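J.: sequence unknown, structure follows:
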């Protein structure tokens, strides 16, 4: 299980960080240079912007899109999220930005949904992204997404389970996405027994 951040929100390292670390570890074998070597090459000979560097790495050095993009992004100082420590430093910032400004009024809904999710079991993990906050067990079973200034879309991974109209079909099952239903929530009072019941159903389904 990923390391848990030592803060009140109990954030953990996003699974994508482990994938990034695997890319870094295999980079020298796959490309002939380590990440540090590529950053030196880009810094010495590459163009100034991230976009230009990505295309330059592909055209001049024959790198694939994923490697070129990763190196270019890291070269302009955006690589902090690819290390466990860096991600955990950013996780709280992601949440603060999600619920800042016009969407600040949604924060109590987020806090209540997060608390309810964490109560489901000690194996619940929370790994914020820049656009939503997913809850994991073995996979993502729920996500908290500020959809408008007045509403959170609470997504649930319920496969093709038959649900009442309140749970809106996202089209996810047909597209093979994890999240297949969403509940529109505009106040903490709407996080009722029905919401908690379906949240637990999604959690149990991911056992």
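T.: Received the coordinates, thanks. The structure presented is a predicted model; accordingly, all values stated were derived computationally and were not measured.

J.: Where does the record place the domain boundaries for this protein?
T.: Domains of the chain are assigned by automatic domain parsing as 15-82, 99-205.

J.: Residue 155: how many residues sit nearby?
T.: By the criterion of other Cβ atoms under 10 Å, residue 155 has 27 neighbours. For the C-beta atoms, the positions are set from N, CA and C on the backbone; glycine is no exception.

J.: Specify the beta-bridge partners of it.
T.: Residue 155 has these beta-bridge partners by DSSP bridges: residue 143, residue 182.

J.: how about the strands in the chain?
T.: Taking DSSP state E as the test, the strands found in the chain are 125-126, 133-136, 140-146, 152-156, 168-169, 181-185.

J.: Which one, of the ones you listed, ends up nearest to residue 79?
T.: Between residue 79 and the strands of the chain, the shortest gap by Cβ to Cβ is with strand 133-136, which sits at 21.5 Å.

J.: Name the nearest residue to the spatially most central residue of the chain, sequence neighbours excluded.
T.: Nearest to the mean C-alpha position of the chain, by Cα atoms, centre = their mean, lies residue 129 at 3.4 Å. Using Cβ to Cβ, 6 or more residues apart in numbering and skipping the chain neighbours, the partner closest in space to residue 129 is residue 94 (6.4 Å).

J.: and if you look at residue 54?
T.: residue 72 (3.9 Å).

J.: How about residue 132?
T.: Using Cβ to Cβ, 6+ apart, the closest residue to residue 132 is residue 145 (3.8 Å).

J.: Residue 121 now?
T.: Closest to residue 121 by Cβ to Cβ, 6+ apart is residue 203, at 6.8 Å.

J.: same thing with residue 95?
T.: residue 128 (5.2 Å).

J.: All set now, cheers.
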